[in-house]
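A.B. asks: Got a sequence here, can you build the structure:
(2 chains)
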Amino acid sequence: MGQAKYVVGLFADPHRFEHACSAATERGWRGLEAYLPYPLHGIERALRLRRSWVTAATKTALLVGASLGMTYAIWTSAVDYPVNIGGKPFNSWPAFVPVLFESGVIIGAFTNFFSLLYSCRIWPGRRVRVIDPRLTDDRFALLVPLAQKGVRQEEIEAFLREQGAEDIRYE
Amino acid sequence: MAMEQKVFTAVADPGPLAVSDRLRRFVLGITTVGFVLFLLGLALNAQRAWAAFLVNYFFFLSIGVGGIFFAALHYVSGAFWSTPVRRLAEGFAAYLPIAAALLLALLAGLGQLYGWTDHDRFHFGPSKAAYLSTPFFMGRLLFYLGLWMLFGWLIIGNSVRQDRLRDPELTRRNARLSAAFLVLFGITFYLASVDLLMSLEPTWFSTMFGVYTFAGLFLSTMATLALITLTVRRHTALGEIIQDFHVRDIGTWLMAFSCFMMYIGFSQFMLIWYANLPLEAFFMIKRTENGWQYLLAALPVLKWVLPFIVLMPDAFRGHPKVLRAVAVGVLLGQWLDLFWIVYPSFYEHPVVPTWIELGTFLGFAGLFGLALLNFYGRFSMLAVGDPKLLYSLNGGYLK
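C.D. replies: Numbers count the residues shown, from 1 in each chain, chains lettered A, B, ... in the order given. Prediction:
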């Protein structure tokens, strides 16, 4: 317990939990974390979380994948091994659009999947210390960093209790 | 789950739309001006006037049937999000009786539009000649319209009755009716678009064509619904009832179906281009040469790139000004799409739409508007008796 970084409030009621999240950000507290058994719509806005980089990674991969697919189709059909198909020009873009689309989708989808796993720090062999096993069932946890400017630990604790936390932990 | 969200425990019936005499006179004026211009066009260049008639006829017919389709789809799927705007879409169906009357007017233009009416021009086998004969053609189109009106009358009738009776059984009955309608609609709308548009080139065929026109129907119905929802939110009591997230959902559908439109449009084009069979390809050749290719290039921009890119950010999808601009662009794209299908049958080089096309459009838009005002002025603007309404208004389906 010597190196606790967060005060953890455990909530049973999702509405009070949401309210606690927005009340904490309204106090100017930042660096909050939340653990939920299921997604709550709009919680990322209540916590003022920045948009994750997964979207940008997916978009980039999709564009890269699509242009790789197009390059591959043009290179094989028009440059490296040109075959006359029905008298059409070697470089016939409408025929390559399905390739462009599919390669964009597959590379984008894989990037999306793996960057999501990476951004959540989930990979084989990783051991996760669970704050409370009930967090995968019906409890919600709000983590407030201890290192808030000018805020004492007792104050955070009192705030969480006042908001309806049924249990306080240190993490 | 925005924190400032309103919580509904009961909804006051907003009642029918109070249609001012000025508005009604204005729409009536547009209709009159439009049809005077159409008749003038008929006197000067009959074929062009009828071509304009067909483009606008199909444009508004799609939206009219699209209203029933929208309601039926959401009854069958049991969707929650659409309940507050469902009545607005149901109103589109009020145009269908007018469409049936206008179909009889189209009878006068059949000879100008459809080459198959001239028996010496094409030599079809006996069954095709029988299929493409004026009595059977008009008969089955009237039958399709009658079928749509019947289902519209039943489904929307139940929906309106529910306002008063508040009986959830009516929702279940409508779900069953809607399932039957969707199957029949899929077949009959396909066949109607084959008759009205594909038979302009009676030797051409594309199995994708009915799906293509259906994609246009869905897209233009969503765009019209977006425009009407934004307008009534600004000017009526519905502004307090329909929430921002309902508008955003309409935007999401518009964006999603723009992809469907592009997918179907490209599939049809690419397969015909690839196989390059003379029997199929001449249709695309006519429409990708002599300047028509520039119009073709505008279609994916208006019907896919614009809605897809602009509506991608969450904030834009529900933004009134942005959504309105995109919806207008999509409707323009749909109109130009029909123009691109119809006009190359008569014109080797592109013609610029002039007062003939614009006038005919105004005439049809006026009639559509009158039908809408009549419906909205008679029935409540909101499906107040629907058991799903409160859940939808409170955004329950978002959580």
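A.B. asks: Please count neighbours and contacts with C-alpha atoms only from this point.
C.D. replies: Fine.
A.B. asks: which stretches of chain A form helices?
C.D. replies: Ranges of helices in chain A, per DSSP state H, are A:14-26, A:43-46, A:54-74, A:93-119, A:153-162.
A.B. asks: which SS class is the closest residue to chain A within the stretch 101-250 of chain B?
C.D. replies: Proximity of the stretch 101-250 of chain B to chain A (CA to the nearest CA) peaks at B:Phe245, 12.4 Å away. At B:Phe245 the chain is in helix, as set by DSSP: H, G, I helix; E, B strand; the rest coil.
A.B. asks: Not including adjacent chain positions, what is the nearest residue to it?
C.D. replies: Sequence neighbours aside, B:Gly318 is the residue nearest to B:Phe245 in space, at 7.0 Å (criterion: CA to CA, 6 or more residues apart in numbering or on different chains).
A.B. asks: Any idea how many residues pack against the one you found?
C.D. replies: By other CA atoms under 10 Å in any protein chain shown, the residues close to B:Gly318 number 24.
A.B. asks: Check the gap between B:Ile187 and B:Arg140 for me.
C.D. replies: Using CA to CA, to the nearest Å, B:Ile187 is found at 12 Å from B:Arg140.
A.B. asks: more neighbours, those two?
C.D. replies: B:Arg140 (16 against 13).
A.B. asks: Which helix or which strand is home to that one?
C.D. replies: B:Arg140 is located in helix B:134-165, with elements delineated by DSSP states H and E.
A.B. asks: How far off centre is the very next helix or strand once past that helix?
C.D. replies: Under the assignment DSSP H and E, the closest C-terminal helix or strand after helix B:134-165 is helix B:168-196. Distance, stretch centre to chain centre, for helix B:168-196: 15 Å (CA atoms, centre = their mean, to the nearest Å).
A.B. asks: what helix or strand does B:Ala18 sit in?
C.D. replies: For B:Ala18, there is no enclosing helix or strand under DSSP H and E.
A.B. asks: How about B:Ala223?
C.D. replies: Secondary structure assignment for B:Ala223, by DSSP H and E: helix B:209-235.
A.B. asks: So which bits of that helix are buried?
C.D. replies: B:209-230, B:232-233 (16 or more other CA atoms under 10 Å in any protein chain shown).
A.B. asks: Could you name the helices and strands sitting against that helix?
C.D. replies: Applying 3 or more CA pairs under 8 Å, 6 or more residues apart in numbering or on different chains; DSSP states H and E, one finds that helix B:209-235 contacts helix B:46-77, helix B:83-90, helix B:168-196, helix B:238-241, helix B:244-275, helix B:320-342.
A.B. asks: quick one: it to helix B:168-196, angle?
C.D. replies: 130 degrees (axes from the mean of the first three to the mean of the last three CA atoms, to 10 degrees).
A.B. asks: measure stretch A:45-53 end to end?
C.D. replies: Stretch A:45-53 has an end-to-end distance of 16 Å (CA to CA).
A.B. asks: Let me know how buried B:Leu104 is, in neighbour terms.
C.D. replies: If you count neighbours by other CA under 10 Å, B:Leu104 ends up with 12.
A.B. asks: which residues sit in contact with B:Val330?
C.D. replies: For B:Val330, the contacting residues are B:219-220, B:223, B:302-303, B:307, by CA atoms under 8 Å, 6 or more residues apart in numbering or on different chains.
A.B. asks: Let me have these in TSV, adding pLDDT as columns.
C.D. replies: Putting the contacts of B:Val330 into TSV (pLDDT from 0 to 100) gives the following:
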residue	pLDDT
B:Leu219	95
B:Ser220	95
B:Ala223	95
B:Leu302	93
B:Lys303	93
B:Pro307	94
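A.B. asks: so where's chain B uncertain?
C.D. replies: By pLDDT under 70, the weakly predicted segments of chain B are B:1-5, B:399.
A.B. asks: distance of the residue most central in space within it from chain A?
C.D. replies: For chain B, the residue nearest the mean C-alpha position is B:Ile63 (2.0 Å; CA atoms, centre = their mean). The gap separating B:Ile63 from chain A is 31 Å, by CA to the nearest CA, to the nearest Å.
A.B. asks: That residue and B:Leu217 touch, don't they?
C.D. replies: Yes - judged on CA atoms under 8 Å, B:Ile63 makes contact with B:Leu217 at a distance of 6.2 Å.
A.B. asks: Need the overlap of contacts for the two.
C.D. replies: In contact with both B:Ile63 and B:Leu217: no residue, using CA under 8 Å, 6+ apart.
A.B. asks: which one of the helices and strands packed on helix B:209-235 is the most hemmed in?
C.D. replies: Greatest average neighbour count among the helices and strands packed on helix B:209-235 goes to helix B:83-90 (a mean of 24), per mean count of other CA atoms under 10 Å in any protein chain shown.
A.B. asks: Remind me what it packs against, helices and strands.
C.D. replies: helix B:46-77, helix B:209-235, helix B:389-393.
A.B. asks: State the next helix or strand along the chain beyond it.
C.D. replies: Using DSSP H and E, the helix or strand that follows helix B:83-90 in sequence is helix B:96-106.
A.B. asks: What residues sit buried inside that next one?
C.D. replies: For helix B:96-106, a neighbour-count test (16+ other CA under 10 Å) marks B:96-100, B:103, B:106 as buried.
A.B. asks: now do stretch A:77-86
C.D. replies: For stretch A:77-86, burial by neighbour count (16+ other CA under 10 Å) applies to A:77-78.
A.B. asks: Show me what residue of the stretch 151-300 of chain B gets nearest to chain A.
C.D. replies: The stretch 151-300 of chain B approaches chain A most closely through B:Met270 (6.2 Å), counting by CA to the nearest CA.
A.B. asks: Let's see the pLDDT reported for the nearest residue to that residue once chain neighbours are set aside.
C.D. replies: The spatial neighbour of B:Met270 that comes closest, neighbours along the chain excluded (CA to CA, 6+ apart), is A:Pro94 at 6.2 Å. On pLDDT, A:Pro94 comes in at 89.
A.B. asks: gap between A:Pro94 and B:Gly146?
C.D. replies: Plainly put, A:Pro94 is 41 Å away from B:Gly146 if you go by CA to CA.
A.B. asks: Just the residues contacting stretch B:137-154, thanks.
C.D. replies: B:65, B:68, B:93, B:96-97, B:100, B:103, B:107, B:131, B:177, B:181, B:185, B:188-189, B:192, B:195.
A.B. asks: do the same with stretch B:108-124
C.D. replies: For stretch B:108-124, contacts defined as CA under 8 Å, 6+ apart pick out B:46-47, B:50-51, B:132-134, B:199-202.
A.B. asks: Please apply the same query to stretch A:125-139.
C.D. replies: Under CA under 8 Å, 6+ apart, the answer for stretch A:125-139 is A:10-13, A:35-37, A:141, A:171.
A.B. asks: gap between it and the chain center?
C.D. replies: For stretch A:125-139, the distance to the chain centre is 18 Å (CA atoms, centre = their mean).
A.B. asks: before we move on, what about stretch A:37-50?
C.D. replies: Offset of stretch A:37-50 from its chain centre (CA atoms, centre = their mean): 11 Å.
A.B. asks: So for it, mean pLDDT?
C.D. replies: Computed over stretch A:37-50, the average pLDDT equals 84.
A.B. asks: tally of neighbours for B:Asp375?
C.D. replies: Residue B:375: Phe, not Asp. For B:Phe375, using other CA under 10 Å, the count is 22.
A.B. asks: how about it, secondary structure?
C.D. replies: At B:Phe375 the chain is in helix, as set by three-state DSSP.
A.B. asks: Spit out the contact partners of it.
C.D. replies: Counting by CA under 8 Å, 6+ apart, B:Phe375 makes contact with B:91, B:94.
A.B. asks: And B:Gly265, by the same measure?
C.D. replies: B:Tyr212.
A.B. asks: And for B:Thr9?
C.D. replies: Neighbouring residues of B:Thr9 by CA under 8 Å, 6+ apart: B:Leu390.
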